[in-house]
Structures are given as structure tokens and as C-alpha cells.
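Trainee: Just the structure for this:
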Amino acid sequence: MTTVTPLSELTGDYSLDAAGTTLAFIARHTMGSRVPGHFDEFDGSAHLDGDDPARSSVRLTIKAASIDTGNQKRDDHLRTAFFDVAGHPVITFVSTAVRHVGGSGFEVTGDLTIRSVTKPVRVAVELVDARPGADGVRTGFTGAVSLNRLRWGVNENLATRLMVGSKVTLQLTVAASRQGGSPAR
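Mentor: Presented below is the predicted three-dimensional model:
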């Protein structure tokens, strides 16, 4: 972690910085190829408690239609057949627990809702940067989690179930900022 700010001084409410955040994924096609992509539209917030990380919380809302794999035809198909964005326009994550696992590592457990199906997930997160600035404190986190998309009903039919791997790896690079120079307690 590249930080000049002690963990205890990070306490406060943060807003996600969309320009510095990437919500990416990699899915596997059964033919062995990888299909990378990301979501372009999202919003999030967090409350960090540097003295007691268990009192921290995270909320994230993703516009499902903002999926981008670099192929318009595939993206349109994912929006309709896989995500049903007309009926389920958002993907949400709401934390239920945060645990400091040592050093700059954390484990964030929460409820992930896709297609109105909510399942618990556990995300390994690392604080990679934290520093004060003229307009407040900026933090940077990275994280990753592997999911079985079928648990959320993200599938079209039996053929796609056989052709597209069920495992999807989410890779997160998150920038967030707290307004003001002193911790909010």
C-alpha cells in the first residue's frame, strides 16, 4: 500500500470516483477464449471506519445496460437475453460485513443482486492508496471475486449454458474520495 495517511484517519463517508474506477469482468467461452468487459455506468458510496473496520460499509449500483465487451452485437444480446435489462435495470451490491484480514487486506461480504436474485458474495479487497489532498482524502482499492453466473440466472438457454463458462471473474479498481480534510466521526 502506498499511503501517507494512517488507517485511523480514513474514517468518514466516501463517494465513488467514476473516472478513477473500473468495474471489469472476464468470462470464458467453452472454446477456450476469454471475453473481457466492463460496466460504464455506476454509482457507489462507502463509510470507512479506520479504528473499527467492522463498522465500515459499502453500497454499489451498476446500470446493467452499460455492459461493454467491445462488440455491439454481443453487448445487445447480453443486455436482453442474459441480463434482461428492461425488467432488471440495475445490479446492486450492499455490504453486510467488513473484516480487516491484516496489513492492507480486507474482506467485504455482502448481498449481490442481479436479475432480482440476491446471493451473498465475499470480495477480497486491498487498500492500495490513501492520501490527503487539497479537497479531502482520496483512497484507492483493488478487489476481485469469482462468481458462478448461473446462481443469479444470468443465462439464455441450454445452448449458452454449454457454450459459455459459468465462472465470471470480477476485477475492481476503485477510487473514492472523502470531502474535507479531517475525519468524520
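
Trainee: Grab the nearest non-local neighbour of residue 56.
Mentor: The shortest distance from residue 56 to any non-neighbouring residue, by CB to CB, 6 or more residues apart in numbering, is to residue 98 (4.2 Å). For glycine as for every other residue, the C-beta is placed from the backbone atoms N, C-alpha and C.

Trainee: Mind listing what's buried along whatever helix or strand the one you found lives in?
Mentor: Assigned by DSSP states H and E, residue 98 belongs to strand 90-102. Judged by neighbour count using 16 or more other CB atoms under 10 Å, the buried positions of strand 90-102 are 90, 91, 93, 95, 98, 100.

Trainee: what's the following helix or strand past that strand packed up against?
Mentor: Later in the chain than strand 90-102, the nearest helix or strand by DSSP H and E is strand 105-114. Applying 3 or more CB pairs under 8 Å, 6 or more residues apart in numbering; DSSP states H and E, we find strand 105-114 packed against strand 90-102, strand 117-133.

Trainee: ok, residue 107 - contacts?
Mentor: With contact set as CB atoms under 8 Å, 6 or more residues apart in numbering, residue 107 has these partners: 97, 98, 99, 101, 122, 123, 124, 125.

Trainee: which residues of this structure score low on pLDDT?
Mentor: For the chain, the stretches with pLDDT under 70 are 1-5, 30-32, 156-164, 180-185.

Trainee: Going along the chain, name the helices of it.
Mentor: According to DSSP state H, the chain carries its helices in the segments 72-77, 158-163.

Trainee: Mind listing residues that contact the first one?
Mentor: Where contact means CB under 8 Å, 6+ apart, the residues beyond helix 72-77 that reach it are 35, 37, 67, 68, 69, 156.

Trainee: Can you tell me which of the residues you listed are buried?
Mentor: Buried by 16+ other CB under 10 Å: 35, 37, 67, 68, 69, out of the contacts of helix 72-77.

Trainee: Tell me how far the residue nearest to the last one when sequence neighbours are not counted lies from residue 112.
Mentor: So the one you mean is residue 69. Nearest in space to residue 69, with sequence neighbours left out and distances taken as CB to CB, 6+ apart, is residue 37 at 3.7 Å. For residue 37, the distance to residue 112 (CB to CB, to the nearest Å) stands at 17 Å.

Trainee: got it, and residue 23?
Mentor: 12 Å.

Trainee: These two: which is more packed in?
Mentor: residue 23 (23 against 20; other CB atoms under 10 Å).

Trainee: if I pick the residue nearest to the more buried one when sequence neighbours are not counted, what's in contact with it?
Mentor: Using CB to CB, 6+ apart and skipping the chain neighbours, the partner closest in space to residue 23 is residue 39 (4.7 Å). With contact set as CB under 8 Å, 6+ apart, residue 39 has these partners: 23, 62, 63, 64, 66, 67, 68, 91.
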